[in-house]
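A.B. asks: Next input, structure requested:
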Amino acid sequence: MSAAERLLALARARGAILATAESCTAGMVAGAITDPPGASAIFDRGFVTYSNAAKETLLGVPPDLLRRFGAVSEEVAQAMAMGALARSDATLAVAVTGIAGPGGSETKPEGRVCFALAPKDGVARSETVEFGAAGRGAVRAASVARAIELLLDALEGDGPDNRANP
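C.D. replies: As a prediction, this is how the structure comes out:
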């Protein structure tokens, strides 16, 4: 059973409805979640917010947050996830923003990806993963896999201070 199939079964069992907010993965997480048949029972919508303007208008990410921390930050990832929840019927949202490459900078290197998970009735949490300069495709694929892992962990109730169980 694939990770997406496990997610579908677990979300169904928990009565969870999912949403995604994506930047560097450009909808790939939503695509992976909806790959198994029956995904419409657990997936509400996905937001592809590649530009800062899209993050602001579609998800309500405050412009000052983007200016202070930059698009590739846990603060912005959390705002993206919370915005996806507020603008959907989801009970759990995941957000992904990062630098897939090529490129990056000394302070924000290629392969840095920030994730956030926001439950409807809980506290958003975030993390940053350094995938390294593995190449654009590899960073994006690893980001999709990590986003699905985070959703699975939340629905399984793993991790400290987890309140993501719908």
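
A.B. asks: For the rest of this, base every contact and every neighbour count on C-alpha atoms.
C.D. replies: Will do.

A.B. asks: helix/strand/coil for the residue nearest in space to the middle of the chain?
C.D. replies: For the chain, A95 is the residue whose C-alpha lies nearest the centre (C-alpha atoms, centre = their mean; 2.3 Å). What DSSP: H, G, I helix; E, B strand; the rest coil gives for A95 is strand.

A.B. asks: list the helices and strands the helix or strand hosting A84 packs on?
C.D. replies: Here A84, judged by DSSP states H and E, is contained in helix 74-86. Secondary-structure packing of helix 74-86 (3 or more C-alpha pairs under 8 Å, 6 or more residues apart in numbering; DSSP states H and E): strand 18-22, helix 52-59, helix 63-69, strand 92-98, strand 112-119, strand 125-130.

A.B. asks: Please name the residues that touch the residue nearest to S23 when sequence neighbours are not counted.
C.D. replies: Closest residue to S23 apart from its sequence neighbours, by C-alpha to C-alpha, 6 or more residues apart in numbering: Y50 at 4.4 Å. Y50 makes contacts with E22, S23, C24, A26, as judged by C-alpha atoms under 8 Å, 6 or more residues apart in numbering.

A.B. asks: picking up where we left off before, next, format the helices and strands packed on helix 74-86 as CSV and append mean pLDDT and distance to S2.
C.D. replies: Listed next are the helices and strands packed on helix 74-86 as CSV, based on pLDDT from 0 to 100; distance: least, C-alpha to C-alpha, whole Å:
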stretch, mean pLDDT, distance to S2
strand 18-22, 98, 17
helix 52-59, 98, 30
helix 63-69, 98, 35
strand 92-98, 98, 19
strand 112-119, 98, 21
strand 125-130, 98, 22
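
A.B. asks: shaky segments in the protein?
C.D. replies: 158-166 (pLDDT under 70).

A.B. asks: Tell me which residues touch the nearest residue to the residue nearest to the centre of the chain once chain neighbours are set aside, please.
C.D. replies: Using C-alpha to C-alpha, 6+ apart and skipping the chain neighbours, the partner closest in space to A95 is A21 (4.5 Å). Residues in contact with A21, defined by C-alpha under 8 Å, 6+ apart, are G46, F47, V48, T49, M80, A81, A84, A93, V94, A95, V96.

A.B. asks: mind running it again at 10 Å?
C.D. replies: By C-alpha atoms under 10 Å, 6 or more residues apart in numbering, A21 lies in contact with 27, 29-30, 45-50, 55, 58-59, 77-85, 93-97, 115-116.
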